[in-house]
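Participant: Model the structure of this input:
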Amino acid sequence: MEQQLYELPEGWVWRDLNSACSLITDGAHASPKTQIIGKPYITVKDIDEAGHIDLVDCKKISEEDFDNLIKGKCSPSEGAVLFSKDGTVGKVALVKGYEPFVVLSSLAILEPQNELLVPEYLRWFMLSPVLQDYAIGKKTGAAIKRIVLRTIKSLEIPLPPLNEQKRIVAKLDALFTRIDAVITHLQETLELSKALFASALDEVFSLENNKGELVSLNQVATVARGKSKHRPRNDRTLFDGDYPFIQTGDVRNAEKYITAYSTTYNEKGLAQSKLWPVGTICLTIAANIGEVAMLGVDACFPDSVVGIASDSESNEYIYYFLTTLKRHLDSKATMAAQKNINLRVLSSIEIPLPPLDEQNRIVTHLDALAERTHALEAATVEKLNHLTALRASLLDAAFRGQL
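Facilitator: From the prediction side, this is the model:
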């Protein structure tokens with residue numbers, strides 16, 4: 001994979017980063033001993049997606065080790081750009097207004113030549129989708145994927161005159177400030193819609209508002225674990241047939257009804273399992289505990305999922321009640337090889353049970369509210385995706401001289 005160069009406007013030139021920067025290096029290759037109080041020592045995890053560097057909660061090292069690493073050029077200067085090159089490739093931070101700190105070798109330090117390259121322009125370039133895609137595509141390594149310094153040095157950057165670089169930076173800063181403000185507002189809207197629906201559920205099932213009699217779950221429904229103990233990775237001879245096999249991830253990813261599934265059982269797989277009917281409530285009791293959805297197809301599932309079904313009450317009413325219990329169930333989990341819920345604990349949970357016609361009325365109300373909530377969330381996600389695409393488009397235009 002080669003970096004794709006394109007025709008630049010008059011007065012612009014392509015320069016490799018090695019010649020546009022006075023220094024390209026990385027941080028410490030041997031991790032110094034950390035301590036509770038000391039000098040800041042930055043790794044990839046201390047840089048967030050917005051490029052902020054956390055000097056408060058980062059690791060600390062002794063002053064002696066700190067001084068040695070500064071002598072080893074592991075401390076970025078004011079105006080340097082950090083680029084994560086090991087593991088999580090592509091995080092970018094501009095060093096501006098920070099107290100001195102040193103970095104681990106997972107971070108590359110790029111110090112631009114002031115007469116050629118504006119630091120903020122370099123930062124935006126390292127964030128551009130074309131550069132990010134290229135860098136990620138150049139990752140090598142087995143256990144830990146990384147992009148090597150030699151590759152970073154060879155990256156070509158489109159360089160306009162300094163005044164044009166400053167104009168582009170100012171334009172990007174202004175546009176992205178507005179875009180980021182809208183994104184923050186939309187993300188808050190998304191969280192608020194989820195919180196409002198959760199609040200509506202809590203209100204419906206609160207003892208003050210729900211006048212139903214409290215009964216244990218196993219009094220009104222069959223509560224049983226899935227029969228299969230086999231996973232696709234254990235015995236492939238059971239799989240790839242006509243019978244849907246639901247796993248915990250399929251429950252977690254469903255909105256209400258499970259219609260998409262990871263794999264299927266064949267006749268041999270079905271013989272050692274059980275086919276549960278449409279409408280059965282599935283609740284995960286291991287790993288991601290308390291995820292709930294209803295079967296939209298007849299399906300099998302493993303013993304990490306519990307099937308719950310009632311012949312006399314509304315399964316949908318029971319489903320909505322169970323969606324309110326995730327935090328409670330997680331607190332009741334016991335730890336073995338992994339966290340799990342004892343079936344007796346689940347069966348003994350008390351559910352407020354009004355008459356069937358009232359259950360159906362509650363389900364109709366919650367279905368309508370869920371539909372409006374999902375529509376709002378879908379519209380919000382679509383807007384967020386559009387803004388993400390707009391950000392990428394603006395960065396692409398900026399480095400083609402079209403902004």
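
Participant: drop to CA atoms for contacts and neighbour counts, all remaining ones
Facilitator: Fine.

Participant: what kind of secondary structure is Ile109 in?
Facilitator: Secondary structure of Ile109, reduced to three states by DSSP: H, G, I helix; E, B strand; the rest coil: strand.

Participant: check contacts around the residue minimising distance to the centre of the chain.
Facilitator: Averaging the C-alpha coordinates of the chain gives a centre point, and the residue nearest to it by Cα atoms, centre = their mean is Glu49 (11.7 Å). Taking Cα atoms under 8 Å, 6 or more residues apart in numbering as the definition of contact, the neighbours of Glu49 are Lys91, Val92.

Participant: Likewise for Ser310?
Facilitator: Val220, Ala221, Thr222.

Participant: how much space between it and Met294?
Facilitator: According to Cα to Cα, to the nearest Å, Ser310 and Met294 sit 13 Å apart.

Participant: just for the stretch 51-200 of the chain, where's the confidence low?
Facilitator: Low-confidence regions of the stretch 51-200 of the chain, defined by pLDDT under 70, span residues 139-144.

Participant: hey, where'd the strands end up in it?
Facilitator: For the stretch 51-200 of the chain, the strands identified by DSSP state E, counting those that start in this stretch occupy 59-61, 81-84, 92-94, 102-103, 107-112, 156-159, in order along the chain.

Participant: Each with direction, which strands does the helix or strand containing Pro40 pair with?
Facilitator: With elements taken from DSSP states H and E, the one containing Pro40 is strand 39-42. With DSSP bridges as the test, strand 39-42 is paired with strand 59-61 (antiparallel), strand 102-103 (parallel).

Participant: what does the first one contact?
Facilitator: For strand 59-61, the surrounding residues in contact (Cα under 8 Å, 6+ apart) are Pro32, Lys33, Thr34, Gln35, Ile36, Ile37, Gly38, Lys39, Pro40, Tyr41, Ile42.

Participant: Now the buried members of the residues you listed.
Facilitator: For those, burial is judged from neighbour counts taken by 16 or more other Cα atoms under 10 Å, and it is met by Lys39, Pro40, Tyr41, Ile42.

Participant: Next, Tyr319: secondary structure please.
Facilitator: Look at Tyr319: counting by three-state DSSP, its state is helix.

Participant: Pretty sure it sits against Leu295.
Facilitator: No: counting by Cα atoms under 8 Å, Leu295 is not a contact partner of Tyr319; they are 11.0 Å apart.

Participant: Quickly list what's touching both of these two.
Facilitator: Common neighbours of Tyr319 and Leu295, counting by Cα under 8 Å, 6+ apart, are Ile281.

Participant: quick one: contacts for Ala20?
Facilitator: Neighbour list for Ala20: Pro112, Gln113, Leu116, Leu117 [criterion: Cα under 8 Å, 6+ apart].

Participant: And it, its phi and psi?
Facilitator: The main-chain torsion angles of Ala20 are listed as degrees, to the nearest 10 and equal phi -90, psi -10.

Participant: Quick check: pLDDT value at the closest residue to Leu201 other than its chain neighbours.
Facilitator: Beyond its immediate neighbours in the sequence, the residue positioned closest to Leu201 (Cα to Cα, 6 or more residues apart in numbering) is Thr324, lying 6.9 Å away. Here, the pLDDT recorded for Thr324 equals 90.

Participant: same question, Ala333
Facilitator: pLDDT, read off for Ala333, is 57.
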